[in-house]
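Enquirer: here is my input, please return the structure:
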Amino acid sequence: MTLDPRTPVLIGQGQTLDRSTDPQSAKHPVALMADALSAAAHDAGISLPNEVDAIRVVRLLSWKYGNAARALGTACGMHAHEYATTPHGGNMPQTLVNLTARQILRGEVDFVVLAGGESSRTRSAVKDTSLLPWPPVDGAPVPAPSHIVDDMALLNDEEMRLGIVMPIQIYPMFETAIRAAAGRSVDAHDVRIAELWSRFSAVARDNEFAWGRQPLTAQQVLTVSSDNRMIGAPYRKVMNSNNQVNMAASLIMCSAARAESLGVPRDRWVFPLAGTDCHEHQFISNRWSFAETPAVARGGRLALELAGVDSGDISLIDLYSCFPSAVQLGAEALGLDLAQQLTLTGGLSFAGGPWNNYVMHAIATAMQRLRDSPREKALIWGNGGYATKHAFGVYAMQPPANGFRHDSPQAEIDALPRRELALGDDAAGAATIEAYSVMHDRDGGPERLVAAALRSDGRRVWITCDERSVAESFTRGEHVGDNVTLRRSGELAL
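Expert: Have a look, this model is predicted:
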């Protein structure tokens with residue numbers, strides 16, 4: 001097969017981590033990205049060019065730069081025609097690959113650097129940021145980065161008013177909905193997700209770039225302790241994404257013609273075969289069910305179809321794993337067995353969850369695995385928001401038979417049924433709980449109930465309650481299906 005010279009190809013990947021929290025030695029995020037990019041160039045067997053088409057950095061949280069992409073270029077001695085950033089979202093690394101692949105195919109760019117990183121561990125350990133000899137937050141003004149991916153609001157006014165805004169509140173609610181839909185007892189379901197997380201920890205053990213490499217038994221995942229306190233029931237601390245890491249990753253993408261001219265050996269080339277991007281109904285208030293993700297089903301199926309493969313052809317899988325509910329929702333939507341290996345890295349709890357950039361580590365790891373097993377294929381799923389925004393990529397060592405393909409099933413998703421939200425006094429009356437979580441304080445005590453319920457007319461209502469006795473009562477037994485009465489939106493009639 002004659003290869004189109006415009007075929008997009010990944011030629012280099014690099015990952016790095018820094019465990020230091022010493023203000024004088026710990027690296028700031030762009031310095032970590034520079035290390036990762038240098039590793040990616042070494043991986044490709046090339047020297048970084050002085051000029052590139054674009055440097056694209058995933059939005060970061062742990063330090064503020066005027067233009068992180070430009071800072072990365074300066075650190076690595078590169079000038080770019082475009083310095084760009086993304087909105088927030090764990091889908092963004094895969095979305096960047098999809099976008100860049102399309103642009104390479106169209107001849108709009110030829111050599112692009114992707115990177116992302118965080119130094120959250122250091123930032124949380126060093127309370128006085130003036131002690132950090134990092135680039136000044138209010139340094140000399142520089143041109144703002146280009147925003148090359150459209151953003152979308154993730155919360156509506158009522159969700160924000162009630163303070164239902166944090167992933168650690170919302171993903172546990174998905175978990176209770178999944179549990180109830182499966183008809184499992186609380187104890188049986190806890191064991192199921194603990195076994196899942198134990199399997200993820202075993203993968204992290206063998207990943208040299210994982211933040212936490214200590215494997216855990218299912219019992220260790222389940223056991224509540226001072227180091228593994230309850231956060232948002234039913235999630236113990238270890239079931240939450242570990243964002244307190246100093247990690248970075250980088251990918252180098254170019255056209256096949258450029259890879260050839262650079263002398264990159266063909267056994268280093270990894271081809272993106274296909275990609276999709278889509279999102280669920282924008283606000284969780286309007287989701288039809290918290291126990292399913294129809295956009296994942298449609299986006300994942302379409303990515304496989306565009307790549308000319310089915311799920312049985314994929315042996316290397318990395319499902320987004322910020323919480324156990326995300327993995328279960330993804331596996332169910334994609335028709336995957338939860339017992340099979342669904343992470344390449346160990347996941348966000350163990351390998352580390354550097355905010356928006358985890359998936360770049362997953363793609364980098366997939367590249368390594370594909371080179372080791374060149375007949376295999378890989379599927380990556382990135383998730384942003386509250387299982388809201390999704391990006392899929394299919395990868396292989398062999399070029400795509402019909403060229404890289406990309407599409408979105410968004411029109412089909414938008415036409416799916418959605419719930420209306422009852423507001424204010426209109427929410428008063430009887431409702432049935434469909435999902436809930438109990439938030440715990442730092443001492444492990446239950447302090448706040450957060451729940452979603454359905455009225456008889458099918459509308460959704462939100463419930464929050466700061467009465468500790470009520471919160472505590474919801475930590476015992478199953479409460480999905482309980483009948484409750486609301487005084488108004490957000491308020492139980494106690």
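
Enquirer: what about this protein, any weak spots by pLDDT?
Expert: Scanning the chain for pLDDT under 70 picks out 1.

Enquirer: output the longest helix belonging to it.
Expert: Scanning the chain for the longest helix, with DSSP state H as the assignment, gives helix 186-205.

Enquirer: so which elements touch that helix?
Expert: For helix 186-205, the packing partners by 3 or more CB pairs under 8 Å, 6 or more residues apart in numbering; DSSP states H and E come out as helix 167-182, helix 218-222, helix 324-334, helix 347-350. Where C-beta positions appear, they are placed from N, C-alpha and C, glycine not excepted.

Enquirer: if you count neighbours, what's buried in it?
Expert: Going by neighbour count (16 or more other CB atoms under 10 Å), the buried part of helix 186-205 is 186, 189-204.

Enquirer: check stretch 434-445 too.
Expert: For stretch 434-445, a neighbour-count test (16+ other CB under 10 Å) marks 434, 435, 436, 437, 438, 439, 440 as buried.

Enquirer: now what about it, what contacts it?
Expert: For stretch 434-445, the external contacting residues (CB atoms under 8 Å, 6 or more residues apart in numbering) are 168-169, 172-177, 180, 224, 226, 229-235, 289-290, 446-454, 460, 463, 468, 471-472, 474-475, 479-480.

Enquirer: sorry, back to before: out of the helices and strands packed on helix 186-205, deepest packed?
Expert: Comparing these by mean neighbour count (mean count of other CB atoms under 10 Å), helix 347-350 comes out on top with a mean of 29.

Enquirer: contacts for that one, please.
Expert: The contact list for helix 347-350 (CB under 8 Å, 6+ apart) reads 197, 200-201, 203-204, 210-213, 238-243, 320-322, 327, 358.

Enquirer: same check on stretch 27-40?
Expert: Defining contact as CB under 8 Å, 6+ apart, one finds that stretch 27-40 is touched by 12-18, 20, 48, 57, 60, 62-63, 65, 68, 71-72, 75-76, 113, 115-119, 132, 134-135, 246-252.

Enquirer: which of those are buried, as a ChimeraX select command?
Expert: Of the contacts of stretch 27-40, the buried ones go into a single ChimeraX selection, burial set by 16+ other CB under 10 Å:
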select :12,13,14,15,16,17,18,48,57,60,62,63,65,68,71,72,75,76,113,115,116,117,118,119,132,134,135,246,247,248,249,250,251,252
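
Enquirer: the contacts of stretch 27-40 in helices, which ones?
Expert: 68, 71, 72, 75.

Enquirer: would a markdown table of those residues with distance to residue 311 be doable?
Expert: Shown next, in a markdown table, are the ones in helices among the contacts of stretch 27-40 (distance: CB to CB, whole Å):
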| residue | distance to residue 311 |
| --- | --- |
| 68 | 36 |
| 71 | 41 |
| 72 | 36 |
| 75 | 41 |
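
Enquirer: nearest to residue 428 among the residues you listed?
Expert: residue 68 (48.1 Å; CB to CB).

Enquirer: quick check: that closest one vs residue 31, distance?
Expert: Between residue 68 and residue 31 the distance is 11 Å, computed by CB to CB, to the nearest Å.

Enquirer: ok so, going back, in a markdown table, list the helices and strands packed on helix 186-205 along with distance to residue 298.
Expert: Converted to a markdown table, the helices and strands packed on helix 186-205 look like this (distance: least, CB to CB, whole Å):
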| stretch | distance to residue 298 |
| --- | --- |
| helix 167-182 | 18 |
| helix 218-222 | 32 |
| helix 324-334 | 8 |
| helix 347-350 | 24 |
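
Enquirer: what does stretch 226-240 contact?
Expert: Outside stretch 226-240, the residues that reach it (CB under 8 Å, 6+ apart) are 168-169, 171-172, 175-176, 179, 186, 189-190, 193, 197, 216, 220-224, 322-324, 349, 437-440, 442-444, 446, 450, 474-475.

Enquirer: go again using 6 Å as the cut-off
Expert: 168-169, 172, 190, 221, 224, 324, 349, 437-440, 444, 475 (CB atoms under 6 Å, 6 or more residues apart in numbering).

Enquirer: same question, stretch 129-139
Expert: Residues from elsewhere that reach stretch 129-139 (CB under 6 Å, 6+ apart): 23, 28, 64, 126.

Enquirer: same thing but 7 Å
Expert: Identification of contacts with stretch 129-139 by CB atoms under 7 Å, 6 or more residues apart in numbering yields 23, 24, 28, 63, 64, 65, 66, 71, 126.

Enquirer: cool, thanks, signing off.
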